[in-house]
Structure formats: structure tokens, C-alpha cells
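**Q** Curious how this folds, go ahead:
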Amino acid sequence: MLQVLANIDTNLTYTCGDIGIKFSGMLPYVVSMAITIIKIVVPILLIIFGMMDLAKAVMAQKEDEIKKGQQTFIKRIIAAVIVFFVITIVQMIVSFISNDNDDITSCFNCFVNGKNCTVDNSGAKIDF
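**A** Next up is the predicted model:
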């Protein structure tokens, strides 16, 4: 990751599609990296915290706390699944709304997936 950061030129200007929206520096890369981290780290943390709650309840050996721990664990697993799939759901909604408009899709892909970012200075497409 540090090597990718070192290779990104902060003086470049990125363009989203042909609509002319321009972004300078590392903004598209930082947004796509943050979304990737959220998609991976948040569900893992939710599951770990849920397992810790359930383990505490089992160690207490009280039926009430075990049931409460199970409910908390199930809620955290559901939250983890929602967090993981929310980006996919948003991508599907954007693709339906955009009506195959390449400008909107390429701009969205540039920020969310780090793909199809066009560099203004050279016109080349890059993937982070």
C-alpha cells in the first residue's frame, strides 16, 4: 500500500468520464481505499466483538446472559453482512439509475473501486 501511495502523483488531475468533473491529487484513491477498508475491517470487527460477547456470556454460565449474548451475536452478524453488502447494493442502484451512462459509471468506479480513473494531463486510464 505504501508503494502505491508513493507512485501516486498528487499534482495530477483526474477526470470522471466525459462530464468534465475534475479531482486533483489523491482524492479518488483515498476514497476507494477507505471504502475497501470499511468493507473488510468493519464486518470482521463486528464478528469478533460478537464472539467476545457470546464467550463472556458462556463463561458466566447464566442462562439469561447466554440468551442475551446469542441475540447480540446474531445482531452483530446481521450488521456485518449489511455493512459488507451496502457498497454492492449502492453499485447496483447506481447502474440502474445511470441507464448505462458511461460517465456516471466510470466516475463511480473511479471513487469506489479505484478503476477507470482518467488522468487529465496524459489522457491515460489508471487503476489504483
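
**Q** so where is this protein shaky, pLDDT-wise?
**A** By pLDDT under 70, the low-scoring segments of the chain are 1-11, 16-20, 25, 100-102, 116, 118-128.

**Q** And the next helix or strand past the longest helix seen in the chain?
**A** Ordering each helix of the chain by length in residues (DSSP state H) puts helix 63-98 first. Where DSSP states H and E defines the elements, the next helix or strand beyond helix 63-98 is helix 102-112.

**Q** Give me the distance from that following helix to the chain's centre.
**A** Here helix 102-112 shows a centroid-to-chain-centroid distance of 14 Å under the convention CA atoms, centre = their mean, to the nearest Å.

**Q** helices or strands up against that helix?
**A** Counting contacts by 3 or more CB pairs under 8 Å, 6 or more residues apart in numbering; DSSP states H and E, helix 102-112 is packed against strand 13-16, helix 27-60, helix 63-98, strand 117-119. Using the backbone N, CA and C atoms, a C-beta is placed for each residue, glycine as well.

**Q** What is the second one packed up against?
**A** Judged by 3+ CB pairs under 8 Å, 6+ apart, helix 27-60 is in contact with helix 63-98, helix 102-112.

**Q** List the buried residues of it.
**A** Residues of helix 27-60 classed as buried under the neighbour-count rule (16 or more other CB atoms under 10 Å) are 28-29, 32-33, 35, 39, 42-43, 46-47, 50, 53-54, 57.

**Q** Please name the residues that touch the spatially most central residue of the chain.
**A** To find the centre residue of the chain, average its C-alpha atoms and take the closest one (CA atoms, centre = their mean): that gives I35, at 2.4 Å. Contacts here follow CB atoms under 8 Å, 6 or more residues apart in numbering; on that basis I35 touches I87, F111, V112.
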